[in-house]
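Student: next input, structure requested:
(one chain, ligands or ions: 2)
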Amino acid sequence: MIRVQGLTKDYGSRRAIDGLTFDVEQGEIIGFLGPNGAGKTTTMRILTAYMPPTEGQAIVAGYDVVEDSLEVRRRVGYLPETVPLYPDMTVFDYLKFMADLRHLPNAEERVDEVVEMVGLGERINSYIGTLSKGMRQRVGLAQALLHRPQVLILDEPTIGLDPAQVVEVRNLIREIGKERTVMLSTHILSEAQQLCDRVLIINKGKIVAEDTPANLQLRLSGGERMLVRVRGEAEEAAQVLHKVKGVQAIQAFPDGRIEFNFPPGQDVRAEVARALVQNGYDLLELRPLQMSLEEIFLELTRSEEQA
Ligand SMILES: Nc1ncnc2c1ncn2[C@@H]1O[C@H](COP(=O)(O)OP(=O)(O)OP(=O)(O)O)[C@@H](O)[C@H]1O
Ligand SMILES: [Mg+2]
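Tutor: Ligands and ions are numbered 1, 2, ... in the order given. All right, here's what the predicted structure looks like:
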């Protein structure tokens with residue numbers, strides 16, 4: 001559904017995205033994660049045919065975003081970062097206007113349908129200027145859905161919403177994602193974890209990771225950092241661990257927790273346990289540390305900085 005090859009965009013001398021290559025399959029919900037300025041919005045604007053790339057190619061719903069930009073726009077729904085809404089129009093008038101721009105048949109019926117879908121029924125005759133941020137976000141979503149697009153591109157769809165509305169919009173996206181291909185950007189890692197089949201992490205215009213949320217977590221934790229907890233002085237117990245082969249980067253905490261690294265594929269648990277017990281420490285806990293998606297994200301974007 002989305003095929004991206006070597007996509008690059010320069011704003012003057014600033015390279016915003018740099019040789020992005022990825023695919024999104026039909027029916028997939030893909031999360032696009034990255035810090036501020038990573039290039040998410042830039043990529044999305046290219047994929048929705050609002051702006052051409054400097055180099056590279058993007059095929060969306062079977063059409064090239066440069067060669068066949070109109071065909072792409074017909075098949076793609078876009079919720080931009082800042083939704084350009086008209087405060088002096090009612091929800092109905094705005095959506096009808098957008099439907100007419102797209103030359104949709106039975107525009108009024110279709111407007112009623114999308115308004116129902118996004119749960120705006122009661123506010124259909126309200127002026128957009130009087131709506132809350134969350135309601136406006138829904139108008140934006142309704143607009144993106146009008147023409148029954150095969151692909152939806154949502155730039156931070158839950159930003160600025162209250163927690164209840166976040167849940168509602170996520171449920172809506174999940175529902176929409178059952179039939180369509182969805183690409184959404186977010187800074188909220190738990191959101192990606194809840195919604196997405198796969199995540200792309202982008203930093204400084206380059207993809208630094210691409211996997212399922214679960215695999216990312218596995219891959220980066222990899223059992224390489226371990227936690228032990230002893231009764232008593234962790235500082236002292238940590239001295240014992242210094243003598244165990246392979247154990248590195250030992251950190252002791254006042255609550256009796258000790259964390260350490262060990263080389264991949266080398267299980268040091270038995271030796272660590274033995275060493276501690278032989279030296280008179282009660283071993284209360286010994287387990288691999290799972291990195292949270294936040295930690296993975298920081299790790300990935302940090303290592304890129306050093307490179
Ligand atoms: N119209 C523009 N003119 C010049 N530079 C731009 C323009 N739009 C974006 N940039 C630059 O391109 C880079 C990528 O920006 P982009 O908006 O794509 O990032 P983003 O990942 O969407 O960030 P955020 O999370 O803050 O929305 C940034 O360095 C930004 O300053
Ligand atoms: Mg952005």
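
Student: for this protein, what lies in contact range of ligand 1?
Tutor: For the chain, the residues in contact with ligand 1 (CB under 6 Å from any ligand atom) are 11, 14, 16, 34, 36-42, 81. Just so you know, the C-beta spots here come from the backbone N, C-alpha and C atoms, and that holds for glycine as well.

Student: repeat that for 5 Å
Tutor: Proximity of the chain to ligand 1, by CB under 5 Å from any ligand atom, involves residues 11, 16, 36-42.

Student: make CSV out of these and add secondary structure.
Tutor: As requested, the residues of the chain next to ligand 1 are exported to CSV (DSSP: H, G, I helix; E, B strand; the rest coil):
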residue, secondary structure
Tyr11, strand
Ala16, strand
Asn36, coil
Gly37, coil
Ala38, coil
Gly39, coil
Lys40, helix
Thr41, helix
Thr42, helix
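
Student: ok, which stretches of the stretch 101-250 of the chain are strands?
Tutor: 151-155, 181-186, 198-203, 206-211, 225-230, 248-252 (DSSP state E, counting those that start in this stretch).

Student: how near is His103 to Leu70?
Tutor: 12 Å (CB to CB, to the nearest Å).

Student: got it, and Glu179?
Tutor: In terms of CB to CB, Glu179 sits 23 Å off from Leu70.

Student: what's the answer for Val151, then?
Tutor: Counting by CB to CB - Val151 and Leu70 are separated by 15 Å.

Student: one more: Ile128?
Tutor: Taken as CB to CB, the span from Ile128 to Leu70 is 27 Å.

Student: which of these two has more neighbours?
Tutor: Ile128 (20 against 9; other CB atoms under 10 Å).

Student: now do the helices in the stretch 51-200 of the chain.
Tutor: Taking DSSP state H, counting those that start in this stretch as the test, the helices found in the stretch 51-200 of the chain are 69-75, 91-101, 107-117, 133-145, 163-177, 189-195.

Student: which strands and helices sit next to the fifth one?
Tutor: It stands for helix 163-177. strand 29-33, helix 133-145, strand 151-155, strand 181-186, helix 189-195 (3 or more CB pairs under 8 Å, 6 or more residues apart in numbering; DSSP states H and E).

Student: sounds good, over and out.
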